[in-house]
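In: need a 3D model of the following:
(2 chains)
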Protein chains: 2
Amino acid sequence: MNDQNTIERWDTFEFSLEGPKTSNPFSDVNFSAEFTYQNRQLKTDGFYDGDRVYRIRFMPDMTGEWHYITKSNVPELDGQQGKFNCVPASERNHGPVRVKNTFHFAYADGTSYFPFGTTCYAWAHQGDELEEQTLETLSKAPFNKIRMCVFPKDYIYNKNEPVYHPFEVHENGHNNLERFNPEFFQHFEKRVSQLRDMGIEADIILFHPYDRWGYCDMNAEEDYHYLRYIVARLAAYRNIWWSMANEYDFLLDVKPMTHWDRLFNILEEKDPYHHMRSIHNGDSAKAYDHTKPWITHVCIQHSDVAKVTEWRETYRKPIVNDECQYEGNIPRPWGNLSAREMVHRFWVMVVKGGYAGHGETYMHPDDILWWSKGGVLHGESWQRIAFLREIIEDMPKDGLSPMVGSWIWDQLAGGINGEYRLIYFGEHQPAEWAVGLPMEDGEYDIDLIDTWNMTITPIDKAPLPVSPPVRKKKTDKQIVKPKPEAAFGVRLPGKPYMALRIRPKK
Amino acid sequence: MNDQNTIERWDTFEFSLEGPKTSNPFSDVNFSAEFTYQNRQLKTDGFYDGDRVYRIRFMPDMTGEWHYITKSNVPELDGQQGKFNCVPASERNHGPVRVKNTFHFAYADGTSYFPFGTTCYAWAHQGDELEEQTLETLSKAPFNKIRMCVFPKDYIYNKNEPVYHPFEVHENGHNNLERFNPEFFQHFEKRVSQLRDMGIEADIILFHPYDRWGYCDMNAEEDYHYLRYIVARLAAYRNIWWSMANEYDFLLDVKPMTHWDRLFNILEEKDPYHHMRSIHNGDSAKAYDHTKPWITHVCIQHSDVAKVTEWRETYRKPIVNDECQYEGNIPRPWGNLSAREMVHRFWVMVVKGGYAGHGETYMHPDDILWWSKGGVLHGESWQRIAFLREIIEDMPKDGLSPMVGSWIWDQLAGGINGEYRLIYFGEHQPAEWAVGLPMEDGEYDIDLIDTWNMTITPIDKAPLPVSPPVRKKKTDKQIVKPKPEAAFGVRLPGKPYMALRIRPKK
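Out: Next up, the predicted model:
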């Protein structure tokens, strides 16, 4: 048994016991532990990690003394007790991410978390050299979430065999779905913990349809078995998010809706920390019913980012458009956005009170596309996403709410957070503007933001633009009063992809 | 009585009679004529044109001998007979525009007509100097349709008093709605006929809500009276289209839906030539029910041009998005598109089998904005619209049908006309492409079109891009066959706003 006497809050407490030799330790042996903090108890499953090693991982969420006792159907693993002292989190450890204020996120310690994610589906299957390059790239990139698959991926530009397979592989090449490959998971966990140390949430994709090895064809019990195993291994990492599937709807012929619901129930049952839970759609018309109670936030694939207001109203949960298409040049319509359009979609999503996901799919002589394998970034959107992230993190805390109630905000993106306002014009290029600016005069700092050239320039108030016309209505014989106008206007350069930031003077 | 013995087919035959002095010749006198061609009869109303002159206009649609006889409730105007010989149209006279092949248009002589319209709402109210400049601009621009209001317009940037008023104006400044001002209409008709001679269709807006003179508040009978008068005056011009209203829904408080329907019935009853009939909406959620039988084509105001496929399916009529917002820089979201975005919207509309309308709203020191007053063009979209028009007119005749049946064509714009294909990539920038290209090999001319830089470059076939992945389905134990791929692919520059044209070699 390992001896961790103290552990940081939200770090992973871990110990192992030596167990018996059985014909299949992955299924023959039940092993779990109950952790106690004062009068509160949490139960966590252990897992077999090869070489007769049975392991328990636990993430304490309160400082102070925790006690535990193991339970097992084999005597060597049963009734083992211990305790540890949980100490305050260190500076860079903010705990797991939770939903905050219906549409936004915060770490468990209350620090705001604004997701600016990217996608590298199979990066953890590429071997150390490329994987380390990916980590190096991530260390300089703005991304604080990454979507990544557990299972190896078979898809265009991703035909290479993975270094590790999640299951034991028979000599005939078939998976033995009853036996996991601990080496695979140890490697995967190493990557997850490296992301954690870099402050990046690992949005773990548990199932996906890009398969030549037979993972799609696992039956219901095999899926449950796999899910319990990975939860036992990974749930104690604070940076885990559960993405039940990528493009789940492309699997509906073999995994019907009731099956997905049951899988979510297993997550609810087995993950004592209730990490973020979502599911990703393929066909934009086949979004999962994200109102279901186990869904913590809406993961969506949709190219029409203007719909974010509608999704907020429908689901009343945080909206993350994890796939609003990718910057790149491959011959698939989802993989060849211009960098400018990728940046545009981020701005619309964020200013309207949602979040977006990045991906990059530039053709490469060795098929090393960031979206699938990682490596280096070739595009021009990531720097602008970094710029946007800085602006958002510089905001008063909590996220933006869309400006609504006027068709203008269907055309433009306007967001508000208290007195802070961010208005994004996209392909619009007004030379002056007033709508959506503060209704009462006062001292404001007004900045013109060039979202592509990444400049922020203070600008002055200007005389108000002309009011909209008013038609006399016959029915009431009265002049219709114009809608109240902003207290001031601004002059703008008449160029597209500009934004305005309005803040009360400090 | 004038003596026109011969008249070109689809030109305006006109004669006048001197009538009695009455207290109100606009309402006291009924005056009409019946035109006979072999066994066929057409009835047209005459109108009072001031100075005791009563006039009949008629547009013959068949060559050969026509006879006519007048009818009136006053003896001087009743029973007058005459005849004329209709001769073949001259080279530039193709007759009025009609619907062709459900979604497209052609002139009466069968020549294809692809609308590339613009909007100058109040250009005919600006006085000769500016109006002549507008005509001069139009003579160099690509536009073959113009939206223009009968009534003067009161709106932002359009506060000047018109030169002519459509009704007699009392000394107290009020309109006498019972008496038209022939001078106004003579002037308006002069502009319409100048447009005709330039090959430009006049999309006449009969009602609109931008009003300070009281036109909005005319009662039902006054509306009918006005409509009959203008039809009597204008219907015999072959280049007339009837746009019942601009933003009709902003008038619903004073003119309910049944009123609009009745007005359309009057057009059907009174216009013997059945010119094109449409109506324009304000709120994009309040489109008129364009399935109504009197609507010949869908006039729509909507910024989301990707919806054209949906509109085609809903209405089964030609789609003209006459207001997909305007190029400009004014502080209204509908009036500050970048030129690039305006051009982009044209391409999407046209390639998906619809048509778009142009407008330009750049701020001007004297408030001379093209969209309202005409003058000169300041923008950069009109040249690219000219380029697009050339490409479309160079196509095998009839318009494009959208490529459908695949979500790819919701993302991109692809159109087909027989073997001719036009694929528009918009903000997408693939480095190679195959989807939507011909399914069987053969001799094709393939052109890369740069929609912004206005270049057309022949390119070669290239090896096919990789096929989409195929997942083995458990349910049927069979490999799903990939969808048939194109017979060839092409390499592209990986830049946005490109298009591909594929034509069988001549």
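In: is it correct that A:R228 falls within a strand?
Out: No: in this structure, A:R228 is helix, not part of a strand, as judged by DSSP: H, G, I helix; E, B strand; the rest coil.
In: what is the burial count for the closest residue to it other than its chain neighbours?
Out: Nearest residue to A:R228, sequence neighbours excluded (CB to CB, 6 or more residues apart in numbering or on different chains): A:K270, at 5.7 Å. C-beta coordinates here come from the backbone N, C-alpha and C atoms, glycine included. A total of 19 residues lie near A:K270 under the criterion other CB atoms under 10 Å in any protein chain shown.
In: could you measure A:K270 against chain B, distance?
Out: 26 Å (CB to the nearest CB, to the nearest Å).
In: same deal with A:G426?
Out: 9 Å.
In: host element of that residue?
Out: Under the criterion of DSSP states H and E, A:G426 resides outside all helices and strands.
In: now A:N453
Out: Short version: A:N453 belongs to no helix or strand, going by DSSP H and E.
In: pLDDT score for it?
Out: For A:N453, the pLDDT comes out at 98.
In: what are the phi and psi values at it?
Out: For A:N453, the backbone dihedrals (degrees, to the nearest 10) come out as phi -80, psi 0.
In: over to the one 5 residues further on?
Out: For A:P458, the backbone dihedrals are phi -60, psi 140 (criterion: degrees, to the nearest 10).
In: can you check A:A462 too?
Out: Torsion angles, degrees, to the nearest 10, at A:A462: phi -130, psi 160.
In: just A:E14 next, same as before
Out: Main-chain dihedrals, A:E14, degrees, to the nearest 10: phi -140, psi 140.
In: can you name the residues bridging to it?
Out: A:R57 (DSSP bridges).
In: I'd guessed A:G353 sits against A:G415; true?
Out: Yes: in this structure, A:G353 is within contact of A:G415 by CB atoms under 8 Å, at 5.9 Å.
In: who touches both of those two?
Out: A:400-402 (CB atoms under 8 Å, 6 or more residues apart in numbering or on different chains).
In: and which of the residues you listed is nearest to chain B?
Out: A:P402 (14.7 Å; CB to the nearest CB).
In: is any part of stretch A:202-213 close to chain B?
Out: Yes: counting by CB under 8 Å from any CB of the partner chain, chain B has neighbours in stretch A:202-213: A:209-212.
In: and chain A, what are its domains?
Out: A:6-87, A:97-393, A:401-504 (automatic domain parsing).
In: what's the most buried one of the ones you listed?
Out: Comparing these by mean neighbour count (mean count of other CB atoms under 10 Å in any protein chain shown), domain A:97-393 comes out on top with a mean of 20.
In: interface residues of the stretch 1-150 of chain A facing chain B?
Out: Residues of the stretch 1-150 of chain A lying near chain B (CB under 8 Å from any CB): none found.
In: for chain B, what's its nearest residue on the stretch 1-150 of chain A.
Out: Closest point on the stretch 1-150 of chain A to chain B, by CB to the nearest CB, is A:Y121, at 12.6 Å.
In: close enough to count as contact, that residue and A:W370?
Out: No: applying CB under 8 Å as the test, A:Y121 and A:W370 come out as separate, 10.1 Å apart.
In: tell me the span between the first and last residue of stretch A:211-227.
Out: 18 Å (CA to CA, to the nearest Å).
In: repeat for stretch A:287-294
Out: Per CA to CA, stretch A:287-294 runs 15 Å from first to last residue.
In: what helix or strand does A:I266 sit in?
Out: Per DSSP H and E: helix A:257-270 holds A:I266.
In: paired strands for the helix or strand following that helix, with orientation please.
Out: Using DSSP H and E, the helix or strand that follows helix A:257-270 towards the C-terminus is strand A:277-278. Sheet partners assigned to strand A:277-278 using DSSP bridges are listed as strand A:240-245 (parallel).
In: so how far is the strand it pairs with from its chain's centroid?
Out: 9 Å (CA atoms, centre = their mean, to the nearest Å).
In: mind listing what A:F116 touches?
Out: Shown in contact with A:F116 (CB under 8 Å, 6+ apart): A:142-145, A:346, A:355-356, A:358, A:385, A:388-389.
In: ok, now which ones touch the residue of the stretch 1-150 of chain A closest to chain B?
Out: Contacts of A:Y121 by CB under 8 Å, 6+ apart are A:147-149, A:153, A:155, A:158, A:205, A:208, A:210, A:246, A:371-372.
In: ok, now with 6 Å
Out: A:149, A:153, A:372 (CB atoms under 6 Å, 6 or more residues apart in numbering or on different chains).
In: tell me the secondary structure at A:I392.
Out: helix.
In: touching, it and A:F114? I think so.
Out: Yes: shown here, A:I392 and A:F114 form a contact pair, counting by CB atoms under 6 Å, at 5.0 Å.
In: can you name the next helix or strand after the lowest-mean-pLDDT helix or strand in chain A?
Out: Each helix and strand of chain A was given a mean pLDDT (mean pLDDT, DSSP states H and E); the minimum falls on strand A:478-479 at a mean of 37. Going down the chain from strand A:478-479, the next helix or strand is strand A:489-491, by DSSP H and E.
In: please report how far the nearest residue to A:D283 once chain neighbours are set aside lies from A:A285.
Out: Distance criterion CB to CB, 6+ apart; nearest residue to A:D283, sequence neighbours excluded, is A:D249 at 5.5 Å. In this view, A:D249 and A:A285 are 9 Å apart by CB to CB, to the nearest Å.
In: cool, thanks, signing off.
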